[in-house]
Structure formats: structure tokens, C-alpha cells
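*Asks:* After the sequence you'll find the predicted model.
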Amino acid sequence: MQPTGTQRIIKIRRDYNAWVADETMEDYALRFTPRSFRKWSELRIANTALGAVSFLALEAIGGALALSYGFTNTLWAILAVSLVIFLTGLPISYYAARSGLDMDLLTRGAGFGYIGSTITSLIYASFTFLFFALEAAIMALALELYFNIPLALAYVICSVIIIPLVAYGITLINRLQMWTQPVWLFLLVLPYVFVIAKNPEALSDWTSLAGREGEPGSFNLLHFGAACTVALALITQIGEQVDYLRFLPEKTRANRVRWWTALLLAGPGWIIPGALKMLAGAFLAFLALQHEIPMERAAEPTQMYLVAFNYVFASSQWALAAMVLFVIVSQVKINVTNAYAGSLAWSNFFARITHSHPGRVVWLVFNVAIALMLMELGVFEAIEEVLGLYANIAIAWIGALVADLVINKPLGLSPKYIEFKRAHLYDINPVGVGAMLIASLLSVLAHGGLFGALAQAASPAVALGSAFLLAPLLAWLTGGRYYIARERQPHLLYPHTEAGQVQCCLCNNRFEEPDTAHCPAYGAPICSLCCSLDARCEDRCKPRARLTDQLDDFIGWLFPRVSSRACTAAWRSTWAC
């Protein structure tokens, strides 16, 4: 029933363009993934998600760490980081797969709010284009070596070829990962078999690698911390795994073993082969040094695998060809994932900023363009510095998110379910946003050396620890009131179709009930996307939950006799003078 005194807005039919209307291309970029679209088997989804582990930045990171800090510090750093990534990735993967939500929608409901998760969308998008640039730069180096083309042109080629492969979303990516997986696995394992068979003493020699900063066989806490800082930038990779895991079929008694196996392997379990590849990169960088490759180039995967494939083939030309093929297959497999995840992140970011959505494909091109610009600026040369700074921000976000899932929900400090729709969320939830911002600030200050050398080396630990403490504390202090702006009203979601779907009053399309809400402004059900893009309703469904209202309440709490509206009026009058 329409609340008394509420004025309805005249409905204007919303027509989406062909890119948005075609879910084969759109892939529910801003929506709950309906059960009817989760049509692939658990094994197929797991295979697609694990295809992302092909990225050669893992070897590059492992090689860079080994050359800087030596074997011992690199080994322990990789093991420690792998444990952290697995433990933080498990609850994220579980809630996303169970609820059919991508990383952005999950973040909204797990402590950040509707507008608050815009910040994390930007962090996540930064991860996707940063790693796209790193991976494409590696592939471009291979093309430059084999085809003798200018590096700048190789960057363009490596970027543009990804766009058509990602335009049709998981439907085409599924096939690509399935077709390329056997080739990639064969080319990955082959050189290591020959290296160990022909040069077994290289493994024992590798353990004595001291690096630029270390001593042979010694453990240094500061170097260990610095290595962890770089490797922990990979913690955000769980978002890309989740973007595929949301397509897992619903868990039932019949498929629970397959479901959990797929979840563990393709979710947090990605770091197991990932850690092995980082260690492999550390080994190959050492092997490259033994073959007189300059230290500044020994961490480049192209040089690493060129040396390794020379153990397989007597002909250097065959070795070069095998290396180029391996690099191309590896980097295409990962960059379709980077580009896909980036298109989802930018779609969510700009939908909330602009109240418009031209389609996921538009933001796919935008993400690739940013990555291309970074490549032309030489991002690969600054890999350690870039990843070290990024890790401090990323782990604060992940720490606050995980704390909500594993602490706040079991303790009843936050709702048991994940609410992702604008119609039911506060714009800002101070639990996640506050915990992330404070943890990021502390971590960046530690990274800058303000708290001493040990805290500087362990700045990601500062971010993770403070986020884990702050999220439950803020949830307790606020009483969990900023999670849900209004309760669901399923009795108002009608009429239902025979398939149990609800028709949206604006676009007239039908959606499963979890993707719809009752809109008091229109007096009818509305789908989550139309709700996100509507700028006329002024959020009348959730009084005092808009950003301006929350800001007014916050300033009123700090300064009881002042309001944000008074501040705004004063500011305008000052400028008018």
C-alpha cells in the first residue's frame, strides 16, 4: 500500500541500449546473478577462474623479490603472504558464490554502504588496469623480441586484441580458458622438467642467493617485511576470482561436494599455484643470472623463460618461438580476466557517480585505454614501488570486508545476509568506510617511515590488523544501524510470473525477486539497475539515509548548534560576496 502523503513520480519507461539489454555481453554487471543464468557446471566455472593463475606477473614478482632480498627472505615472505591471502579469500569467496554477487555488490552490503563502496570500486578498478598493464607489458616484450617491432606498437597490439575476447563476457571467456588450459599447462611444466634434468645443481645453488640487500642464507625481518609488502598487492586478486565464482550454481545437497571443491580451488585456492609460480620466478631469475643476463633484466619473464626453453631446444630460434607462444597464451588468459573485472568495477563506479550506464563494453574499452597509457609510461620498471604502495590501500579494504564477514556477522553486529540494493542501503556505512580509511592512513604513514623501520617494513600488517580491530569496534559503537536503511517488503513485489519473476515498473523487464525492491516513489516494484540509475526519486524510500542527510546528522552530532545545510548556505554566501 502506498504510504499516506507520499507523492508518486510519473513513470518514464527506461529503454536500455543493445549492449546493456543483451546479458550475454552485459553479464549482469550491476546486478545480482540470477539462478537461471548460472548454467555452467562447477568444474567449468572453476576452470575459468583458475585460468587467471596464468599471469606472469607472479614470476616477475618472485624474481624481483629474490633479486632484491635473497632466497630465504623471499621464501618466507611468499609463504606468509599465501596464508594471509587464503584466509582472507575464503569468506569472500563463500559469501559471493552463495549470494551470486560480484566484488562490488558484496562490498556494499558488508559494511560499506551504497556510495561507500564507490571508493572500493575505484581501488579494485586500479588493480585491474595496473595488472593489465604489467601483463600486457610482458607480452609486448615477447613480441618485440620475436617480431622486432617497436615496443610502443607492441603495447597497442597487446591491448587491443583483448577487447573482442572480453566483449561477450563469461560466455566466451569460458571457452577461451577451456581451449587454452592444456596448452598453457604443457608449456608451463616443460621447461622446468628439462632444467632440473639437465642442471639439477641449480636448485641447491639457488638457495644461496643473497640478493642486493641480503646475505646468503640469512633471514632479515626488515627485508622479509618489505618482500611481504610487495607480494600482498596480490590480495585483491580474490575479486577477480569472485567475479567468476558468482556464476556457480546454487549449493544443494546433491552438489555440495562439487560446489565446495570448486569454491576452494578457484577461490582462495588460487594462491597455491600462485605461490608456486612466484617461487618458480625466483628460481628462473637466479638461473638467468647464471646465464649472464643483467640483473636489471633477469626479473623479466621473457628473459626467464627464454633461458629455460633453451634447455628444451637445441635451436635458439625454437626456444625463442616456444617462449613467445607461452607468453602470449599466458597473458591472453590473464588479461581477459583483468579486462573483464575492470569493466565490472568501472560500471559500478560510474553508475553511481553519473546515474547512467552505457554498457559494460564501454568501460571495458576505458579500462584497456588506461592500462595502455600506463604501459607507455613504463609501469613495469617501477613494479616494486607501485605494488608496495598499492598493497597498503588494498589490504585495508580487504581487511575491513573480511572482518565484517567473519566477526561482525557471527556476533550479530551486522545482518546475516548481504543486502546490495540501493533501495535498502545507507549511502555511507561508517563501519567499513571508517575502518578502511583509518587503516589506510595508518598503513601509508607506516610505509612512509613515520612509525619506525619495523613498522615501515610491515605496513600491510598495520593495515590488516587495524582494519580487523576497527570494523567490529565501529559496528559495536554504531549499533549496526547503518547496514539497512529499510527492511525488505516482499509482499509488495507483485505481480509474479509463472517463473517466480517480478516485472520492473520502469524497464518492464522481468527479474528474480532478490534483484527487485518496492519503490514508494513509483508505487511499484523496480529492478536494482533501474533503481541505481534513477535520479528523480531522491531516495524517498529511505529517509535520512542519503549522503547529504548523513553528513548533516554527523555535523549535527559533532556541533549540535550547526548543520551541514547551514555550512553550505554560509559557503555559498561567502562566494557570492
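*Replies:* Sure, I can see it. Predicted model only: the values in this text are computed from it and were never measured.

*Asks:* tell me the domain ranges of this structure?
*Replies:* 18-379, 486-545, 546-577 (automatic domain parsing).

*Asks:* Does Ile161 touch Ile328 like I think?
*Replies:* No. Here Ile161 does not reach Ile328: they are 9.5 Å apart, not a contact under Cβ atoms under 8 Å. For glycine as for every other residue, the C-beta is placed from the backbone atoms N, C-alpha and C.

*Asks:* Quick one: closest of the domains of the chain to Gly465.
*Replies:* Smallest distance to Gly465 across these (Cβ to Cβ): 11.1 Å, for domain 18-379.

*Asks:* Any idea which of the domains of the chain gets closest to Ser443?
*Replies:* domain 18-379 (9.6 Å).

*Asks:* avg pLDDT for that closest one?
*Replies:* For domain 18-379, mean pLDDT is 87.

*Asks:* quick one: low-confidence ranges for the stretch 351-500 of the chain?
*Replies:* In the predicted model, the stretch 351-500 of the chain carries pLDDT under 70 at residues 379-385, 495-499.

*Asks:* Helices of that one, residue ranges please.
*Replies:* 360-376, 383-403, 430-447, 453-457, 459-478 (DSSP state H, counting those that start in this stretch).

*Asks:* Next, count neighbours for the closest residue to Ile393 other than its chain neighbours.
*Replies:* Counting by Cβ to Cβ, 6 or more residues apart in numbering, Ser440 is the residue found nearest to Ile393 once chain neighbours are left out, at 5.2 Å. The local packing of Ser440 (other Cβ atoms under 10 Å) involves 24 other residues.

*Asks:* Kindly report the same for Trp206.
*Replies:* 19.

*Asks:* Just give the closest residue to it, not the sequence neighbours.
*Replies:* Here the residue nearest Trp206, using Cβ to Cβ, 6+ apart, is Phe286, at 4.7 Å.

*Asks:* What of Met103?
*Replies:* Closest to Met103 by Cβ to Cβ, 6+ apart is Gly239, at 3.9 Å.

*Asks:* Now that neighbour: which helix or strand?
*Replies:* Counting by DSSP states H and E, the element that carries Gly239 is helix 237-245.

*Asks:* Following that helix in sequence, what is the next regular element?
*Replies:* Downstream of helix 237-245 (by DSSP H and E), the next one is helix 256-266.

*Asks:* what distance separates that next one from the centre of its chain?
*Replies:* 20 Å (Cα atoms, centre = their mean, to the nearest Å).

*Asks:* Going by contacts, tell me the helices and strands next to that helix.
*Replies:* helix 42-50, helix 57-99, helix 237-245 (3 or more Cβ pairs under 8 Å, 6 or more residues apart in numbering; DSSP states H and E).

*Asks:* repeat that with 6 Å
*Replies:* Judged by 3 or more Cβ pairs under 6 Å, 6 or more residues apart in numbering; DSSP states H and E, helix 256-266 is in contact with helix 42-50.

*Asks:* Name the surrounding residues that touch the helix it packs on.
*Replies:* Identification of contacts with helix 42-50 by Cβ atoms under 6 Å, 6 or more residues apart in numbering yields Asn174, Gln177, Gln241, Tyr244, Phe247, Leu248, Arg258, Trp259, Ala262, Leu265, Ala266.

*Asks:* and the two most separated of the residues you listed?
*Replies:* Gln177 and Trp259, at 19.3 Å, using Cβ to Cβ across those.

*Asks:* And those two? Which one has more around it.
*Replies:* Shown here are Gln177 and Trp259; by other Cβ under 10 Å, Gln177 has more neighbours (23 against 20).

*Asks:* With adjacent residues omitted, what lies nearest to the more buried one?
*Replies:* Per Cβ to Cβ, 6+ apart, closest to Gln177 is Gly51, 3.5 Å.

*Asks:* again with Ala400
*Replies:* Of all residues not flanking Ala400 in the chain, Ala435 sits nearest, at 4.0 Å (Cβ to Cβ, 6+ apart).

*Asks:* next one: Trp184
*Replies:* Closest to Trp184 by Cβ to Cβ, 6+ apart is Val329, at 5.1 Å.

*Asks:* Which secondary structure element is home to the one you found?
*Replies:* Val329 belongs to helix 316-354, assigned by DSSP H and E.

*Asks:* cool, and His518?
*Replies:* strand 516-519.

*Asks:* Could you list the paired strands of that strand along with their orientation?
*Replies:* Take DSSP bridges as the rule and strand 516-519 pairs in its sheet with strand 524-527 (antiparallel).

*Asks:* Tabulate the CA atom coordinates of the strand it pairs with in PDB.
*Replies:* Below are the C-alpha coordinates for strand 524-527, written out as PDB (Å, rounded to 0.1, in the frame of the first residue of the first chain):
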ATOM      1  CA  ALA A 524       5.600  -0.500  -7.800                       C
ATOM      2  CA  PRO A 525       8.500  -3.000  -7.900                       C
ATOM      3  CA  ILE A 526      11.700  -1.700  -9.500                       C
ATOM      4  CA  CYS A 527      14.800  -3.700 -10.600                       C
END
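
*Asks:* I'd like the mean pLDDT over it, please.
*Replies:* 87.

*Asks:* next SSE after it?
*Replies:* That would be, after strand 524-527 and using DSSP H and E, helix 528-533.

*Asks:* in that next one, what counts as buried?
*Replies:* For helix 528-533, the neighbour count (16 or more other Cβ atoms under 10 Å) marks Ser528, Leu529, Cys530, Cys531, Ser532, Leu533 as buried.

*Asks:* re earlier: which residues sit against the strand holding His518?
*Replies:* Lys421, Ala423, Gln489, Leu492, Leu493, Val502, Pro525, Ile526, Cys527.

*Asks:* ok, Asn348 - contacts?
*Replies:* So Asn348 contacts Asp104, Ser121 (Cβ under 6 Å, 6+ apart).

*Asks:* redo that, cut-off 8 Å
*Replies:* Ala29, Leu30, Asp104, Leu105, Ser117, Thr118, Ser121 (Cβ atoms under 8 Å, 6 or more residues apart in numbering).
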